[in-house]
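Visitor: Curious how this folds, go ahead:
(4 chains)
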Number of protein chains: 2
Amino acid sequence: MVTIYDIAKKANVSPMTVSRVINNSGNIRMATKEKVEKAIKELGYVPNSAARSLTSNQTKTLGLILTDISNPFFSKIARGAEDAAVETGYRVLMSNTDEDFEKEINYIDMMLSARVDGVLIAPTSDKTLDQIKRLSDHNIPAVLIDRTIEGFVGDYVLGDSYEGSRKLVEHLIDYGHRNIALINGPSNVSTARERQRGYLETLKLNDLPVHENYISEIDFKSVQAGNTKSTVAQLMQLNDKKRPTAIFAANNFIAISVMKALKELGLQVPEDISVVCFDEVEPVVYFDPFFTVAAQPASELGRIGIQFLIERVEQKNVEQERKIILPPDIHIRKSTRRME
Amino acid sequence: MVTIYDIAKKANVSPMTVSRVINNSGNIRMATKEKVEKAIKELGYVPNSAARSLTSNQTKTLGLILTDISNPFFSKIARGAEDAAVETGYRVLMSNTDEDFEKEINYIDMMLSARVDGVLIAPTSDKTLDQIKRLSDHNIPAVLIDRTIEGFVGDYVLGDSYEGSRKLVEHLIDYGHRNIALINGPSNVSTARERQRGYLETLKLNDLPVHENYISEIDFKSVQAGNTKSTVAQLMQLNDKKRPTAIFAANNFIAISVMKALKELGLQVPEDISVVCFDEVEPVVYFDPFFTVAAQPASELGRIGIQFLIERVEQKNVEQERKIILPPDIHIRKSTRRME
DNA sequence: GCGCTTTCGGTTACCGGTAACATAAAATTA
DNA sequence: TAATTTTATGTTACCGGTAACCGAAAGCGC
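Guide: Just a heads-up that it's a prediction; the model follows:
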């Protein structure tokens, strides 16, 4: 591997001079600079960031801890985040927790040993607070994305779950639905709590009763395992008057799984039942706008999250905590129908 | 930041002993080991990989250079790759080239300065060969994914573009289509060449004429800019006999754009025209299987790619070049119809 | 041409680990 | 119990950069 010393020897200067040329620091005679640059080019030298970070105490690397990069919502966040990072000269280490606390801990370890300058994280649950503390104990700032956690002090960038939820439910009510079920994610995630709050309040505001068995929680692994079917089946087994005419799926992942379950149960959407959900179900939306959704500006979330994070890393605007909550766009499409 | 020296002082041993405990190397008395481990835990020490990599000459980090992580095909590759990487104790640096050669060069620079142990890359074109050479000049192995490039020596993992293309076109012919247009990606990408070859050979085998203006090329940026419409419009303006009854979109990105264009032109799929494409159009496929596609095992590709890469990095199975070509699954769905 | 300031470049030490060697302590053998 | 081997730990130097300090050369005023 070519080092600064090889360049120094070739250009007949000291390693320090090479370092100065690379970093454009100090006073260097033009002739010397050119000599060094020639040697660098000829030997194809690229600085070793590991060595650099040892003295500079920064790695120019950020950690991105998300649930699952193959979920379109998160892959858009990742894309926005990565774009913002390279633009500012940072690299991004990626990871997928699958909402698993143990995996999350391992990734925190990884970020710690990689000495990343900061972490943008969608925490798996409120328990993640301890992990964020571990980061800050090592002087590594964290910005939350998509979710908050209780007791967190710092910046976060979220979609407005409460408001989106309200609007989706209002839309259903507007269409004449009175029996609306909510299939939610686990309530230890803030988005689930907010969506449930929006759901409940909207029902209350419209004087609609809340049936307890309309609300179910289903976690990432159950959805993956295909356990949504029993949840849906239970809902549909309620007797006629109580049988929901609409399902509010709390995210795209659940929505897809619900659709699958409905299909297996022989039910048509929207003829037999209406379905709405949070997050866009891409990319088909462009040519077959089917799903009525609360679409979050995912790539924007990622971009802003990284910007905040880098400002924290570089000690700018550190006085205030910034809580950004971006409103989702409600797209009314064909998965909901008016009740006669 | 806590270092090995802090631990050493606290545990009243030499730094070297701490190092040995951490790496489980050499002979350490049980009592000493426990003393050190206690100190590590109490101070929350995590080894600094940068310092480590300086002596070990490896970073346990791999580079992943893809077109666009927010494209479901690539996000699945990324997921498979990242999974395989962590399982083997590696980290992953992500990047998005947008098929842009300049961006790709910058990312290669980034990988070089990060001293990644290896790179898994979907090259933007045959020109990328020089960049891969830059990597190998620095002893960094590269494995290709999704695409090959001319003159490349090493491992690659691809989907079978030729075979998938043949099957899609055969399906269309089987359905009675004789006028089949191909909207391809740029021919400096191997998949485009292979898909075109499959297209042409299948037509020839079935004694169908090849109209020159049935084949068009459209690059990533044009698709992004929404320039697909003019291409599609030109096809549809051909006089009746020559007007295509089916379009073969060479990838999911093009397919979505084609669908959009058709919609704007007021054409229905599959009533007015049939459409097939390469790559799955997820995730809607699960509940609304619409598109007839050649689905590539993306996550498998990513996983195998990383496995090969790590073997190269760790100098295992290096004698032979491995060329893996996985067959796509053909899913016949509702975007194609039989001609009467 | 002499002293003073500025410019340019070199030397040394250190960042946080670890390989290689050295040495002290314990265990084993004769 | 002395000699020998084995085990346990310490010391030194180095990985590839850079900060901090220092000295030589060049520019400048008089």
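Visitor: can you give me the helices in the stretch 151-300 of chain A?
Guide: Per DSSP state H, counting those that start in this stretch, the stretch 151-300 of chain A carries helices over the ranges A:161-174, A:190-205, A:220-224, A:228-237, A:252-264, A:298-313.
Visitor: Who are the packing partners of the third one?
Guide: Using 3 or more Cβ pairs under 8 Å, 6 or more residues apart in numbering or on different chains; DSSP states H and E as the contact criterion, the neighbours of helix A:220-224 among helices and strands are helix A:252-264. Where C-beta positions appear, they are placed from N, C-alpha and C, glycine not excepted.
Visitor: Only alpha carbons, please: show the helix it packs on as CSV.
Guide: Listed in CSV are the C-alpha atoms of helix A:252-264, where the atom choice follows Å, rounded to 0.1, in the frame of the first residue of the first chain:
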residue,chain,number,x,y,z
ASN,A,252,-47.3,-0.4,4.4
PHE,A,253,-45.9,-3.6,5.7
ILE,A,254,-49.0,-4.4,7.6
ALA,A,255,-51.2,-3.2,4.7
ILE,A,256,-49.6,-5.7,2.3
SER,A,257,-50.0,-8.4,4.7
VAL,A,258,-53.6,-7.5,5.3
MET,A,259,-54.3,-7.5,1.6
LYS,A,260,-52.9,-10.9,1.3
ALA,A,261,-54.9,-12.2,4.2
LEU,A,262,-58.1,-10.7,2.8
LYS,A,263,-57.4,-12.3,-0.5
GLU,A,264,-57.0,-15.7,1.2
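Visitor: and that helix, average pLDDT?
Guide: Helix A:252-264 shows a mean pLDDT of 88.
Visitor: How about residues contacting that helix?
Guide: A:71-73, A:183-185, A:218, A:220, A:223, A:226, A:228-229, A:231-233, A:247, A:249, A:268-269, A:272-273, A:275, A:277-281, A:291, A:293, B:283-284, B:286-288 (Cβ atoms under 8 Å, 6 or more residues apart in numbering or on different chains).
Visitor: In it, which residues are buried?
Guide: A:252-263 (16 or more other Cβ atoms under 10 Å in any protein chain shown).
Visitor: need those in CSV with distance to DNA strand C, can you?
Guide: Formatted as CSV, those follow (distance: Cβ to the nearest atom of the strand, whole Å):
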residue, distance to DNA strand C
A:N252, 41
A:F253, 39
A:I254, 43
A:A255, 45
A:I256, 44
A:S257, 44
A:V258, 48
A:M259, 50
A:K260, 48
A:A261, 50
A:L262, 54
A:K263, 54
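Visitor: In a markdown table, list the helices of the stretch 151-300 of chain A along with distance to DNA strand D.
Guide: A markdown table is the format used below for the helices of the stretch 151-300 of chain A (distance: least, Cβ to the nearest atom of the strand, whole Å):
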| stretch | distance to DNA strand D |
| --- | --- |
| helix A:161-174 | 44 |
| helix A:190-205 | 41 |
| helix A:220-224 | 42 |
| helix A:228-237 | 53 |
| helix A:252-264 | 44 |
| helix A:298-313 | 17 |
